[in-house]
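> following is a predicted model, sequence given first.
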Number of protein chains: 2
Amino acid sequence: MQTVELTPAQKARRDIREGRHQGPTHGLAMGYVQANLVIIRKPLAFDFLLYCQRNQRACPILEVTDAGDAEPKRTAPGADLRTDLPRYAIYREGCRTNDETKIGHLWERGFVSFLIGSGISFDQALERAGVPTNKNRWVLRTTVPTISAGPFHGNLVVTMRWLTPQQAITATQVTSRFPFNHGAPIHIGDPDAIGADLRCPLHGPPVEKAPKELVAVFWACGVTPQAAAEAAKIDLMIAHAPAHGFITDLKADEICLQ
Amino acid sequence: MQTVELTPAQKARRDIREGRHQGPTHGLAMGYVQANLVIIRKPLAFDFLLYCQRNQRACPILEVTDAGDAEPKRTAPGADLRTDLPRYAIYREGCRTNDETKIGHLWERGFVSFLIGSGISFDQALERAGVPTNKNRWVLRTTVPTISAGPFHGNLVVTMRWLTPQQAITATQVTSRFPFNHGAPIHIGDPDAIGADLRCPLHGPPVEKAPKELVAVFWACGVTPQAAAEAAKIDLMIAHAPAHGFITDLKADEICLQ
């Protein structure tokens, strides 16, 4: 009998598919690129792809499946987008009506799936460079407008971290090497300058007040296109639940060399 | 009376629009990003955008206009894609049937225009780093397949230069800084390894035999999506004529910092 050696990414997806892992994916299969998921129906796919192209820093597209195909053939051959994320958020008319742990029963032949780069992907590179990533991370709305496409519109969503000035410099250097995964920060310093809403983080605990020597560093966030799809109040969208991403076979160390 | 100071890019576009410049755009408004143009009808726009996304090294999208809009609002506000390129190639059923110097009389409300990054954009950065760009440059077909999307398919088209080994290293460093404009070379050395067709360059004079100390360096080329649209034999496509590109307001030195 042959033993098949699974990669850490394949193993993590199998654990998720078989229900052994049900929580957030941060820290799973470190070094592999994680993706945000947006599934919409074909008639809106062009406008959504265009929205992502026009706001590339926030919405770096890793893969778009053919309509009806649940296998991301290029970034994770053999995977199944209906079962391989630990939690899905179902949006109807722009509202998150319920969550699911599998979505096979909701699947339609006209579904187009978008995998969008997530900042979680460069966490290992940041850690290796001495920038801690496991806390002090929030997802925030801003007042910076994105460029609309068809019905998709809204403001930029950002990831914020409190860092020392030296860590901020190092983090800028490291993330610049990931141009297809949000890249360098879009802002450093005063949250008000970009209208970052510290009172109501979209993800993360209440924002702590930081010691005076720390600086806020902001990256464009892959939740932006999800917020745009919500704002567009489209009939039906299925997305990953925040922090419950899709683990691809791409290695972060390799995509930074594209 | 007020004098309006035009930028070199705006001046070059005006000269083209008013017929004072009719030849290739290489060397015009150096330092500004030049783009390849593909115009197709709306029903094929999603598949074409998807083809570009799936083959991003060859087809870095700079802008996609809304249907019927001839103004590239984000990369060259005020410009007109019907008049501001020196020469257009008209393709019907996949064949280049004729060239035009203006296309206003062919314009349709359903036209979607794609501006795709051109390697000409980083020529000034190469020159400054000591890599000559004004000759020794060919556009060649290869046998490397691209990833298809809808009807769009075909092999990768590349730009080839003969360089010294030291220039090849420098050129790799410099072009790596332009991830959204083809980026680093896709191959160095033996043309046969990628099936590069040296006998029939798509652009440039017959390929010279190079001295033994020179090495061939290959970049993914923005002509690739045009070749894919030809292969798809779509009803109607309008493209820039080879080497007659569109000059945007983007500065090469700035986009490399995205």
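In hand now; what should we look at? Residues are numbered from 1 along each chain as shown, chains lettered A, B, ... in the order given.

> got a list of what the residue lying closest to A:Tyr32 once chain neighbours are set aside touches?
Closest residue to A:Tyr32 apart from its sequence neighbours, by Cβ to Cβ, 6 or more residues apart in numbering or on different chains: A:Ala9 at 4.3 Å. Every residue, glycine included, has its C-beta placed from N, CA and C. For A:Ala9, the contacting residues are A:29, A:32, A:76, A:247-249, by Cβ atoms under 8 Å, 6 or more residues apart in numbering or on different chains.

> make CSV out of these and add pLDDT.
Converted to CSV, those look like this (pLDDT from 0 to 100):
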residue, pLDDT
A:Ala29, 92
A:Tyr32, 91
A:Ala76, 97
A:Ile247, 96
A:Thr248, 96
A:Asp249, 95
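
> where in the stretch 151-258 of chain A is pLDDT low?
Where the stretch 151-258 of chain A drops to pLDDT under 70, the residues are A:255-258.

> tally of neighbours for the residue in chain A positioned nearest to chain B?
Of all residues in chain A, A:Phe46 sits closest to chain B, at 3.7 Å by Cβ to the nearest Cβ. Neighbour count of A:Phe46, defined by other Cβ atoms under 10 Å in any protein chain shown: 24.

> then A:Lys135?
Neighbours around A:Lys135, by other Cβ under 10 Å: 10.

> over to the one 10 residues further on?
Residues lying near A:Pro145 (other Cβ under 10 Å) number 11.

> check contacts around it.
A:153-156 are the contacts of A:Pro145 under Cβ under 8 Å, 6+ apart.

> any idea how far the residue of chain A closest to chain B lies from A:Gly19?
Distance, A:Phe46 to A:Gly19, using Cβ to Cβ, to the nearest Å: 36 Å.

> show me what from the stretch 51-200 of chain A comes close to chain B.
Neighbours of chain B within the stretch 51-200 of chain A, by Cβ under 8 Å from any Cβ of the partner chain: A:53-54, A:56-57, A:61, A:63-64, A:74, A:147, A:179-180, A:183-184.

> are any of the residues you listed buried, and if so which?
Applying 16 or more other Cβ atoms under 10 Å in any protein chain shown to those, the neighbour count classes A:53-54, A:56-57, A:61, A:63-64, A:74, A:179-180, A:183-184 as buried.

> narrow the residues you listed to those in helices?
Within those, residues falling in helices by DSSP state H are A:53-54.

> which one's the longest helix in chain A?
Chain A, longest helix under DSSP H: helix A:165-176.

> what's the offset of that one from the middle of its chain?
In terms of Cα atoms, centre = their mean, to the nearest Å, the gap separating the centre of helix A:165-176 from the centre of its chain is 20 Å.

> so how many other residues sit close to the residue lying closest to A:Phe246 once chain neighbours are set aside?
Leaving aside its chain neighbours, A:Phe246 sits nearest to A:Ala35 (4.6 Å; criterion: Cβ to Cβ, 6+ apart). Counted with other Cβ under 10 Å, the neighbours of A:Ala35 add up to 32.

> repeat for the one 5 residues further on
If you count neighbours by other Cβ under 10 Å, A:Ile40 ends up with 24.

> quickly run through the sheet partners of the strand or helix carrying it, with directions.
For A:Ile40, the element it lies in under DSSP states H and E is strand A:32-41. Here strand A:32-41 is paired, per DSSP bridges, with strand A:111-117 (antiparallel), strand A:236-240 (antiparallel), strand A:246-251 (antiparallel).
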